[in-house]
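1. can't give you the sequence, but here's the structure:
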């Protein structure tokens, strides 16, 4: 569908200008200078030529095919210009100009107007208020964009709403001498979306890695669906900004959106299998490594170095990122002792010494490629004047070209004096970084993608014995009654419909009923006042725990009845279960995405340490298992200080059951199970709140 | 003392070589090419000239003054060569060659031999096994070093044992177009030390910022003393590598040292007021900002941008680092609304738009310099082709030169196309970074140094009423008896000598004595078996808590007496104090440094979350206060979930008292107070272990 956008046979620039500092001139200059292979058609009612190219009064005068019209005209003229484009058979329109939905309803109306024309003629639109596209393919070389960084052909493609950040990333690759393939920034995104662009790049064989930047997602479910599919085929690298309140405000001020800190985007990235970053530099470096290197099959790294300290820095970073530095196998050690200088350090890192030659590097590289203990290699290479650095570079390139295991290089040099060494490595596709930490982090990103690709997806478990209809009825009833908060009874009935274990309970209307129900349940019990008007029960004396006999229950319930004046006051009697480990679970509806399901340790852990983790529904059994390991206090689940561990399987099952419940009941806005008590055998929900 | 090392009137290269790839040739080439202002004297028994410069058979033949001799000769010849240098009146010798202490005792003996000669002639030695020095001062231009990066003159000085990392940092500045002043890498450091170099640079007025890299400290107390003094005058930026076990191993393998993960270096950095880094790139960028910018007076930052997304990224990073983005004052807002384009976003960040002119930038910069709500400014500047970027650069330079508040710039450009813009900013001393995150982190480092400089030092409190002699006697006695672990009685007596509150206790030898002592103390009590041979008391049934009456005590003590066969078995009876918040304190002797004092929350907090913080003794009252805020569970100290807060003042006083105790009793190797129970009023040590 988007093929003609990136591979247009001809490009008309509507609003082409003779003025050098006008975007309508720059786009033509960029098309010419970058060597565009198709026809360039400046459209200008007055000029005969622009930058030496014949200009046309109307796009309808152009004879050759025009797949892309690039508009640089005031917003109000766009609908009319779309008509001409439609008649000419234009397939895609890129609009650089602003003055559309980003300025308010007036501008949005213009977007609606041109989109009506676009639909009539089956034209797809990129923008408005966007930079445009670049395709560096030597067969095409289309630069329909007013920016100024000309990429070398390469395998990285970049898509983002924000042209500013996309361009920073693009400049990063250019400064490193790393090529890019396709670039697209779609601004207001009134038609062609980021997921659509990602899907296209997923199918583009020459794109090895996709890079994107977001400040929020317009259509999270489609993004998730597309990203999941594409990330399973090739690495998708992403960064989200606007994570802090202030950052979100800054984002809102330039996109006209609402300021909100969301956690959903992070969860989507995780679930979709995106390699996510918090640092744009780290993202750029990682992409450079993905562009030319294979994905490692594990996390074990061998380091080859000709200087000490930088290898120490690299080691720290790799280990922090969860990589391992295994020792050399006896065979590798033997090989290297025979081939390196006697003073060389034949451990991991291998130090070939500053005087190490090309043969020494080659010996190390070959040995690590052959040695099954290593999955990837980091080369620390400073360029001493007394060795043949170009030959060393050539050996690194030769081994990198074998594509057996990924190699990254920390090249410590003066790029002016050792320009040829740099050129050999760069042209040879060896990802080179100026700092050991950068090289180590890029390698760690490759390993991260390996982990994502090899993670167990697990199964979404569905228990056929649940009574979804009963649960839906309860919600419908509450909804018809205009209530947003379910009563305790309703909440527990829903949990029971989903076979979620709850501590035994009854609802009582009177003191005597409460007493007799407590006797049925068996002591000790908890009593809670239940009323739609009482939100903070414990503050109002509406909770009494560990009631050990009839008298205690009677007096507690009587006290509540005296203190709380509410017409709908009832009493919730529940088995008191001492000694369990408090955990909490919860859920929050995420627009267009199902729910974010939360799990954590209760009590002070959640209150002081915010020790909770999230996952988007549907949660698989593997996801549930992983959630239990992700909390900081995970060790508590296994028991510490003589306390017994808890029933992990039961907690995991509860998470899965909860996910099923939330999937069936999208009307649930918020849910709190706090606490859930976990015992050596079994878990029991002892307090539940559900908002619809 | 080191002045002649960095400003030598003449340099003799002993081991000067005619072979181009020899270090003895390269050093001469570097001296020539860098434009050294003093005399260059190649010493070579056979050559008449080297690189066109007259060579001498012996340094004694040189007529002019020789302040520095640069040796590139085999290790075994150095002592003899030192004799000649001594006779010639050489002040400093730099030894590039290896083959000394780093290879073992044989090499160390050679170091001893030449140092004997050095002392005789009052020669100071840099190295051996080192790179040497660079002084870029236009008056001197000394490059006594075999590396290849020629610095522009500047204000950053670099010192490190590890030439590899020092050179990476140096290359980083060079690549950014940021000058350096003095460079020194001292390898084996057999004479001139890192603290000595730092002290020299502290006194060097043209050094504005000192950068160092360490993998461990040879003489921590001197380092601390010097760094503390220097960091109070100018920023000292440092990074420690070898933080992970694997990194420490890698460090040990190239320095010949022992692999150890230490926390002491971090504590020294903190106490000395060093700005420390975990990322060498961040350190390089921060140094570039310190080199030209004033120190801010607070943490409030104003952002000026001409593109949206990068300002969002910058905002996130700044906020994460603890900086604030205050709103514009009404006055500033008014000024800017009158001066910028009507569509400009006049908030913080201020978006002047891509079309923003030099006047717009100047208006924003002036307004933020005038506005007391801002302490520093981050400029996000992409270079569109349609504005006059050079003029914008000139305005940024002009305001930066005023040195009113620090400015950093995220310059997003193609450095080839906008070379003049880059040059203007670079020559103008504006720290420019290619990524918004880099600029934000550099600015955050300036604020970090401001915080360090303005932090309250506090006072080391000494209580005159302690009985230090009594404590020393106890330790001496145990020491004489050959014991490394003090008995419970000894430990408590020491605490009492320092007026540290302990739960009331007695020592009993028999069951009946135990019972009567429990009665004296009052129930409930705890009983612990005490014997030098019983280390894990609770595992052996040697602890009984919450004994509520005579019978319980009798039976518990009898059981211990039956179960534990130890000749020195005694019974430690202590008041049982339920309900307090468990905290822990401890200490570990750090060689040459006093003790690392630990504070944290006890129980699961320390066991599961390792929630402890450290500080080096002596700990001031301000340090103690800060330690309480640094633990993750700090909120627990104030009370949560209806639990009452604890007596913070008492905990702080206990930390200070403990610091005094440790200062007086350096023989203490390890100390554990676990737990200490903290109540709403008061704290009590209820278990103490001291090892000497």
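-> Cool, the structure landed. Just so it is clear, the model here is predicted, and its values are computed rather than measured.

2. what's the closest non-adjacent residue to residue A:307?
-> residue B:164 (3.5 Å; CB to CB, 6 or more residues apart in numbering or on different chains). Placement of C-beta: from N, CA and C, glycine included.

3. Can I take it that residue A:114 is in a strand?
-> No. The assignment for residue A:114, made by DSSP: H, G, I helix; E, B strand; the rest coil, is helix rather than a strand.

4. What's the per-residue pLDDT of the closest residue to chain B within the stretch 1-150 of chain A here?
-> Relative to chain B, the nearest point of the stretch 1-150 of chain A is residue A:21 (4.4 Å; CB to the nearest CB). At residue A:21, the model reports a pLDDT of 91.

5. residues near the closest residue to residue A:418 other than its chain neighbours, how many?
-> Among residues not flanking residue A:418 along the chain, residue A:383 sits closest, at 4.8 Å (CB to CB, 6+ apart). Here the number of neighbours of residue A:383 (other CB atoms under 10 Å in any protein chain shown) works out to 21.

6. so who does residue A:383 touch?
-> Counting by CB atoms under 8 Å, 6 or more residues apart in numbering or on different chains, residue A:383 makes contact with A:389, A:411, A:412, A:413, A:414, A:418, A:421, B:148.

7. Pull the most distant pair out of these.
-> The span of those, defined through CB to CB, is set by A:411 and B:148 at 13.4 Å.

8. Looking at these two, which is more packed in?
-> Taking other CB under 10 Å, residue A:411 and residue B:148 do not tie; residue A:411 has more neighbours (26 against 18).

9. Okay, that one and residue B:177: tell me how far apart.
-> 19 Å (CB to CB, to the nearest Å).

10. Please apply the same query to residue A:468.
-> Residue A:468 is 66 Å from residue B:177, where distance means CB to CB.

11. Go through chain A and flag its longest helix.
-> Longest helix in chain A by number of residues (criterion: DSSP state H): helix A:436-454.

12. Briefly note if it comes near chain B.
-> Yes. Remark: helix A:436-454 sits within contact range of chain B at A:436, A:437, A:438, by CB under 8 Å from any CB of the partner chain.

13. what does the stretch 51-200 of chain A have sitting close to chain B?
-> Residues of the stretch 51-200 of chain A lying near chain B by CB under 8 Å from any CB: A:146, A:148-149, A:160, A:162-168, A:171-172, A:174-175.

14. Can you say which of those are buried?
-> Burial by neighbour count, judged by 16 or more other CB atoms under 10 Å in any protein chain shown, picks out A:146, A:148-149, A:160, A:162-168, A:171-172, A:174 from these.

15. Excluding chain neighbours, give the residue nearest to residue A:692 in space.
-> Using CB to CB, 6+ apart and skipping the chain neighbours, the partner closest in space to residue A:692 is residue A:667 (4.9 Å).

16. mind listing what that neighbour touches?
-> So residue A:667 contacts A:475, A:479, A:692 (CB under 8 Å, 6+ apart).

17. Repeat that for residue A:244.
-> Residues counted as contacts of residue A:244 (CB under 8 Å, 6+ apart) are A:261, B:315, B:316, B:319, B:320.

18. can you list the residues of the stretch 551-692 of chain A near chain B?
-> A:603, A:604, A:607, A:608, A:609, A:632, A:633, A:635, A:636, A:640, A:641.

19. Please convert the buried members of those residues into PyMOL selection syntax.
-> Buried residues among these (16+ other CB under 10 Å), as a PyMOL selection:
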select buried, chain A and resi 603+604+608+609+632+633+636
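
20. Please identify which two of the residues of the stretch 551-692 of chain A next to chain B are farthest apart in space.
-> Largest pairwise distance in those, by CB to CB, is 20.4 Å, between A:607 and A:641.

21. how about the strands of the stretch 301-450 of chain A, start to end?
-> Assigned by DSSP state E, counting those that start in this stretch, the strands in the stretch 301-450 of chain A fall at A:301-305, A:345-346, A:350-351, A:376-382, A:407-412, A:432-433.

22. Next one: stretch A:409-417, is it in contact with chain B?
-> Yes. Using CB under 8 Å from any CB, we find that stretch A:409-417 touches chain B at A:412, A:413, A:414, A:415, A:417.
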